[in-house]
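Enquirer: Structure here, sequence nowhere to be found:
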Ligand SMILES: *[C@@H]1O[C@H](CO)[C@@H](O)[C@H](O)[C@H]1NC(C)=O
Ligand SMILES: *[C@@H]1O[C@H](CO)[C@@H](O)[C@H](O)[C@H]1NC(C)=O
């Protein structure tokens, strides 16, 4: 029993010091997990940090990243389709692109599968599971990878891996 006060003081010391000594916040831990899921380690984790920050949370947010990410996804998909089906009609190509760009059936599904709704930082009034937030975060990942690698094609290949290739038949059936 003599050691109790010492132990208490030691415990208080640990509780006080640990969060500071250990610089990983839940958000940084989530970013580490996300990198494992993506199979990609960022050189500049700040890019992934920004990708996982909604405009409602900070001025430093993923708004522009999500536009770039959507463009990377579309160019990856159209390049892969035209390479595979050189005679694809413009109508069919547009149709496939609209499926891949569809927020409800495509990017929100991919984003939720990655658990982005649990990672993305939003204001307390914003629903992090809404399709707009999840899609924005999902698309932003590919902008972040493109900037980090200096290569949009790399980012497109990560999209294909995560999306599970281009079996668009699945989406066409929806
Ligand atoms: C990322 O870094 C971790 C820890 O250093 C390592 O175990 C893992 O293999 C790396 N992943 C890739 C895809 O490079
Ligand atoms: C947040 O959005 C998701 C997806 O649209 C919805 O299912 C959920 O009910 C919403 N939650 C709240 C608290 O509005």
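Expert: Structure's in. What do you need? Just so we're clear, the structure is a prediction, and the values are computed from it rather than from any experiment. Residues are numbered from 1 along each chain as shown. Ligands and ions are numbered 1, 2, ... in the order given.
Enquirer: for ligand 2, what are the nearby residues on the chain?
Expert: For the chain, the residues in contact with ligand 2 (Cβ under 6 Å from any ligand atom) are 127, 129-131. C-beta coordinates here come from the backbone N, C-alpha and C atoms, glycine included.
Enquirer: 8 Å instead, please
Expert: Within the chain, the residues that sit near ligand 2 (Cβ under 8 Å from any ligand atom) are 127-131.
Enquirer: Just the closest of these to residue 62, please.
Expert: Closest approach to residue 62 among these (Cβ to Cβ): residue 128, at 12.5 Å.
Enquirer: Would you point out which residue of this protein is nearest ligand 1?
Expert: residue 41 (3.7 Å; Cβ to the nearest ligand atom).
Enquirer: Now the residues of the chain next to ligand 2 in TSV, please, with extra columns for distance to residue 107 and secondary structure.
Expert: Below are the residues of the chain next to ligand 2 laid out as TSV (distance: Cβ to Cβ, whole Å; DSSP: H, G, I helix; E, B strand; the rest coil):
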residue	distance to residue 107	secondary structure
127	16	coil
128	15	coil
129	13	coil
130	12	coil
131	8	helix
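Enquirer: now the helices for the chain?
Expert: Remark: helices assigned in the chain by DSSP state H are 4-21, 26-38, 45-51, 63-84, 90-101, 108-113, 131-149, 152-163, 169-172.
Enquirer: hmm, back to that, show me how to select, in ChimeraX, the buried members of the residues of the chain next to ligand 2.
Expert: Listed next is the ChimeraX selection for buried residues among those, using 16 or more other Cβ atoms under 10 Å:
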select :128,131
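Enquirer: Identify the farthest-apart pair in the residues of the chain next to ligand 2.
Expert: Using Cβ to Cβ, the residues of the chain next to ligand 2 reach their maximum pairwise distance at 128 and 131, which is 11.1 Å.
Enquirer: What's the local residue count around residue 53?
Expert: Counted by other Cβ atoms under 10 Å, the residues lying close to residue 53 total 24.
Enquirer: which of the helices of the chain sits most buried?
Expert: helix 131-149 (a mean of 24; mean count of other Cβ atoms under 10 Å).
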